[in-house]
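In: No letters, just coordinates:
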């Protein structure tokens with residue numbers, strides 16, 4: 001009897017951690033995922049998949065903080081894996097018709113939309129490096145550790161990604177290039 005009660009109590013522990021994590025940090029996790037993938041629907045799917053991967057098997061001993069770090073890593077890994085699978089699609093995506101969108105009257109909204117569109121055009125590694133650097137505020141060495149690549153590769157991805165975005169967001173195109181350095185404000 002005591003063993004069954006202890007097992008039930010342990011099972012409740014991880015459920016409490018999940019409930020608390022989703023309640024307190026769920027919006028932050030979705031925003032993080034959205035910056036990576038560029039879509040609210042895909043972001044919700046990434047977060048859901050990361051939660052399932054993290055807590056799909058009974059996991060005990062997680063605090064909310066450690067669970068959030070684990071889920072964020074699972075989101076990043078899922079995004080990068082999906083990017084590898086969809087690289088073939090990117091070669092023909094330019095052939096797909098894009099519906100016309102109305103321009104917003106608010107310039108700040110236009111800047112965020114432009115940044116999001118430009119982030120979508122980057123490779124998964126470039127985008128991940130930019131998000132980790134400017135949204136998560138990680139240093140180059142920390143990004144290298146998180147992605148399992150060298151610091152030099154991170155610097156190259158950051159440089160290439162920022163270069164692509166700076167070219168696209170020049171003053172001639174009607175956007176403010178200062179927005180490139182403020183990716184974390186999206």
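Out: Great, that's in hand. Only a predicted model underlies this, so the values are computations on that prediction, with no experimental measurement involved.
In: okay, now the domains of this protein?
Out: Listed domain ranges for the chain are 2-87, 97-185 (source: automatic domain parsing).
In: Mean pLDDT lowest where, among the ones you listed?
Out: Note on these: domain 97-185 shows the lowest mean pLDDT, a mean of 76.
In: which residues of the chain fall in helices?
Out: Per DSSP state H, the chain carries helices over the ranges 2-37, 40-55, 64-85, 87-92, 107-121, 124-134, 140-147, 151-168.
In: Same list, those, but as JSON lines with mean neighbour count please.
Out: C-beta: built from backbone N, CA, C; applies to glycine. Formatted as JSON lines, the helices of the chain follow (neighbours: other C-beta atoms under 10 Å):
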{"stretch": "helix 2-37", "mean neighbour count": "15"}
{"stretch": "helix 40-55", "mean neighbour count": "17"}
{"stretch": "helix 64-85", "mean neighbour count": "17"}
{"stretch": "helix 87-92", "mean neighbour count": "10"}
{"stretch": "helix 107-121", "mean neighbour count": "16"}
{"stretch": "helix 124-134", "mean neighbour count": "23"}
{"stretch": "helix 140-147", "mean neighbour count": "17"}
{"stretch": "helix 151-168", "mean neighbour count": "17"}
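In: could you list every residue that touches residue 32?
Out: Counting by C-beta atoms under 8 Å, 6 or more residues apart in numbering, residue 32 makes contact with 72, 75, 131, 135-136.
In: Please identify which pair of those lies farthest apart.
Out: Longest distance between any two of the contacts of residue 32 is 12.3 Å, between 75 and 135; criterion C-beta to C-beta.
In: mind listing what residue 55 touches?
Out: Contact analysis of residue 55 by C-beta under 8 Å, 6+ apart lists 14, 18, 67.
In: ugh, typo on my part, it should be residue 13
Out: With contacts taken as C-beta under 8 Å, 6+ apart, residue 13 has the following neighbours: residue 60.
In: could you measure it against residue 53, distance?
Out: Taking C-beta to C-beta, to the nearest Å as the measure, residue 13 falls 19 Å from residue 53.
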